[in-house]
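>>> Pasting a predicted model and its sequence here:
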Number of protein chains: 2
Amino acid sequence: MKDTMYIPTYDDMLAAHERIKPYIHRTPVLTSSYLNDLTGAQLFFKCENFQKAGAFKVRGASNAVFGLSDDMLEKGVATHSSGNHALSLSYAAGRRGIPCNVVMPRTAPQAKKDAVRGYGGIITECEPSTTSREAVFAEVQARTGAEFVHPYNDPRVIAGQGTCSRELMEQTDGLDMVVAPIGGGGMISGTCLTLSTLAPEVKVIAAEPENADDAFRSFKAGHIIADDAPETVADGLKVPLKDLTWHFVSTYVNDIYTASEDEIVEAMKLTWKRMKIIIEASCAVPLAIILKNKDAFAGKRVGVIITGGNVDLDTLPWFKG
Amino acid sequence: MKDTMYIPTYDDMLAAHERIKPYIHRTPVLTSSYLNDLTGAQLFFKCENFQKAGAFKVRGASNAVFGLSDDMLEKGVATHSSGNHALSLSYAAGRRGIPCNVVMPRTAPQAKKDAVRGYGGIITECEPSTTSREAVFAEVQARTGAEFVHPYNDPRVIAGQGTCSRELMEQTDGLDMVVAPIGGGGMISGTCLTLSTLAPEVKVIAAEPENADDAFRSFKAGHIIADDAPETVADGLKVPLKDLTWHFVSTYVNDIYTASEDEIVEAMKLTWKRMKIIIEASCAVPLAIILKNKDAFAGKRVGVIITGGNVDLDTLPWFKG
């Protein structure tokens, strides 16, 4: 982050899209007549679980890596992340042939750690709290001199994430609203960035776990409330808002709804069962809040961003013990 | 079945495609750069796990149901099936508004029983053996007078299944071979029916579990060898060849390969993990045999038919006990 906060623009998003197109998939938009019947809405699922590295985060990470100046290539990039940003940055750095240092909580899913290493990322583990993560990261960055690419509070990352809803709008014939999960707010901020210019009539709704509802409480309070290390099955959504994402959330988001752990797991399993796609718990939160608040979505054309598919298949949340 | 075996033709397949188009999806063809790198082949996955009722079998079932004469509508249709044919026939019968009686093994996955009932099918349970299944079915058919739609040994069903490889050829820019799992042989027979006229240069390869390798042994012996109730994780592939499917297998199939239980589960889990799609154990057999016999497929453009995605998410084969 720069000292004075730079707010990425629509043109930054367009430039990002051109920059990253060779390295990302234009992911498909799927529909389900079963889920349409169940919710009364017309749902359009933007399937970033099929994205390179298994998550939308490769968009922002690629934008940062491929926009990096030549004098930084040797030191490479570094980040801290609960998972998908880590492997997305590793993937992008690998494509550009530069080093990538990653600080990950030791409790992160094994599948994500394996994938980071598979792309050539170098992992340093920390405790599963924001405090520990930031302390360990400071040491790693001091040692390597790498360019810090924050998982979400970074204008390059937000501009990259905004390319997702640009594609979604091209792939659908008009939408009334777009629902995305909210953790640190990178995807929601990119969605706001793009839609506020491209389609300002489309409402942006954020979906959050009850157990990590800091964005919901921030939104109601009118200022950032950050919790340290909340517990939720939606492991990608534990991190708090920061100044840049708070700017977008507080300016453009129309509403935030929350769902319980059971509702999230139920929506995740329902998506697997009926749509036959592997989605993370984090991206089941939008369907969970749609099922819980049918009146708010019935009769509407609703874009739903499926943010990722990197699941540890050996520890599924509906298997106890 | 008629007394004199009627062998369905390419024109029957074309007529089937017109008849069933309103009731089926033209399913997507997916690729995976990871699996291409791993196998050395270019793989094109025809994703019938996204098909209506979750399996290719809705093609043949719909062709039989929507081709039914008016005087049979009140009595409806009946069948015995290890699962996907049962729910496909129930789905098609439901769309036409006619009754559907189904004999299913009591050991069939709960998800499949639930889905049959969800589509309005009426289930009578039998023991998990071909002998029991056929005996119980005879009673049900005598009682209802319904039209028997065999899961695979039926020209209407085979013509319907043949529509899948017609789409696959339209969706790809030429193939060297197509690999499909083989149980009773309905999908393989439909594939042979279509490709022997449309693209006779494309090799047809069947993939079978070692534990239920009756088609492999039949193919080598030159006559049908039928086993009763083999045990395999690929629960859709336990049934034996019959005269009509044997005709296609013995005339057109280029080769049959087998895979062990562990190899099938490994290929299934790998597909879930890397492609982020839910596939049944049965349709992991093709990838398992490709991984096991890389030399036979390296450098080739290979169509792989993903036959279905109806998995009981509470009893995944890599969870023990």
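Sure, I can see it.

>>> In contact with the residue in the stretch 51-200 of chain A that chain B sits nearest to, which residues?
Going by Cβ to the nearest Cβ, chain B is nearest to residue A:54 of the stretch 51-200 of chain A, at 6.7 Å. The way it works is simple: take the backbone N, C-alpha and C, and place the C-beta from them, glycine included. By Cβ atoms under 8 Å, 6 or more residues apart in numbering or on different chains, residue A:54 lies in contact with A:84, A:87, A:115, A:308-310, B:276.

>>> out of everything not next to it in sequence, what's closest to it?
residue A:310 (4.3 Å; Cβ to Cβ, 6 or more residues apart in numbering or on different chains).

>>> Would you check which pair of the contacts of residue A:54 lies furthest apart?
A:87 and B:276 (13.8 Å; Cβ to Cβ).

>>> quick one, which of those two is more surrounded?
Neighbour tally, residue A:87 and residue B:276, criterion other Cβ atoms under 10 Å in any protein chain shown: the higher count belongs to residue A:87, 32 against 24.

>>> Okay, helices next: where are they in chain A?
Here chain A has its helices, by DSSP state H, at A:10-20, A:33-39, A:57-66, A:84-96, A:110-118, A:130-144, A:155-171, A:186-198, A:214-221, A:243-252, A:261-275, A:285-292, A:294-297.

>>> Format the ones you listed as TSV; extra columns: mean pLDDT and distance to chain B.
Below are the helices of chain A laid out as TSV (pLDDT from 0 to 100; distance: least, Cβ to the nearest Cβ, whole Å):
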stretch	mean pLDDT	distance to chain B
helix A:10-20	98	17
helix A:33-39	96	9
helix A:57-66	98	13
helix A:84-96	94	12
helix A:110-118	86	7
helix A:130-144	92	26
helix A:155-171	98	14
helix A:186-198	98	18
helix A:214-221	96	26
helix A:243-252	97	26
helix A:261-275	97	6
helix A:285-292	98	16
helix A:294-297	98	20
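
>>> Indicate which one of those is closest to residue B:171.
Judging these by Cβ to Cβ, what sits closest to residue B:171 is helix A:155-171, at 18.4 Å.

>>> just to revisit the earlier point, and the helices of chain A, which is most packed in?
Among the helices of chain A, the stretch with the highest mean neighbour count (mean count of other Cβ atoms under 10 Å in any protein chain shown) is helix A:57-66, at a mean of 30.

>>> Could you report the neighbour count for the nearest residue to residue A:81 once chain neighbours are set aside?
Spatial nearest neighbour of residue A:81, chain neighbours left out: residue A:151 (4.7 Å); criterion: Cβ to Cβ, 6+ apart. Residue A:151 is flanked by 25 other residues according to other Cβ under 10 Å.

>>> any idea how far residue A:151 lies from residue A:186?
Separation of residue A:151 from residue A:186 (Cβ to Cβ, to the nearest Å): 7 Å.

>>> before we move on, what about residue A:157?
6 Å.

>>> anything in contact with each of the two?
By Cβ under 8 Å, 6+ apart, the residues touching both residue A:157 and residue A:186 are A:60, A:151.

>>> The residue of the stretch 51-200 of chain A closest to chain B and residue B:275, how far apart?
Counting by Cβ to Cβ, the gap from residue A:54 to residue B:275 is 10 Å.

>>> Report the beta-bridge partners for residue A:103.
Taking DSSP bridges as the rule, residue A:103 bridges to residue A:80, residue A:124.

>>> For residue A:38, which non-adjacent residue is spatially closest?
Closest to residue A:38 by Cβ to Cβ, 6+ apart is residue A:291, at 7.2 Å.

>>> is it true that the one you found touches residue A:263?
Yes - the criterion here is Cβ atoms under 8 Å, and residue A:291 meets it with residue A:263 at 7.3 Å.

>>> In chain A, which residue is most central in space?
residue A:187 (4.8 Å; Cα atoms, centre = their mean).

>>> which residues touch that one?
Here residue A:187 is in contact with A:56, A:161, A:164, A:180-181, A:305, A:307 (Cβ under 8 Å, 6+ apart).

>>> and the residues you listed, which of them are in strands?
In strands, defined here by DSSP state E, the members of the contacts of residue A:187 are A:180-181, A:305.

>>> correct me, but residue A:282 touches residue A:239?
No - look at residue A:282 against residue A:239 with Cβ under 8 Å: they stay out of range, at 11.1 Å.

>>> Mutual contacts of residue A:151 and residue A:186, please.
A:57, A:157.

>>> picking up where we left off before, need the ones in strands among the contacts of residue A:187 in JSON lines with distance to residue B:43, can you?
Formatted as JSON lines, the ones in strands among the contacts of residue A:187 follow (distance: Cβ to Cβ, whole Å):
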{"residue": "A:180", "distance to residue B:43": "32"}
{"residue": "A:181", "distance to residue B:43": "32"}
{"residue": "A:305", "distance to residue B:43": "28"}
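
>>> Among the residues you listed, which one sits closest to residue B:252?
Nearest member of the ones in strands among the contacts of residue A:187 to residue B:252, counting by Cβ to Cβ, is residue A:305, at 45.1 Å.

>>> Need the pLDDT of the closest one.
In this prediction, residue A:305 carries a pLDDT score of 98.

>>> and if you look at the one 3 residues further on?
Looking at residue A:308, its pLDDT reads 95.

>>> is it in a bridge, and if so with what?
Bridge pairing for residue A:308 - DSSP bridges - gives residue A:55.

>>> okay, now it: neighbour count?
31.

>>> residues in contact with it?
Neighbours of residue A:308 in contact, by Cβ under 8 Å, 6+ apart: A:48-49, A:51, A:54-57, A:84, A:236, A:279-280, A:282-283.

>>> let's see 6 Å
Contact analysis of residue A:308 by Cβ atoms under 6 Å, 6 or more residues apart in numbering or on different chains lists A:49, A:54-55, A:84, A:280.

>>> Looking at the residues you listed, which has the smallest pLDDT value?
Among the contacts of residue A:308, residue A:84 carries the weakest pLDDT, at 88.

>>> since we're on the nearest residue to that residue once chain neighbours are set aside, how many residues are nearby?
Of all residues beyond its chain neighbours, the one nearest residue A:84 is residue A:55 (3.8 Å), with distances taken as Cβ to Cβ, 6+ apart. Residues lying near residue A:55 (other Cβ under 10 Å) number 30.
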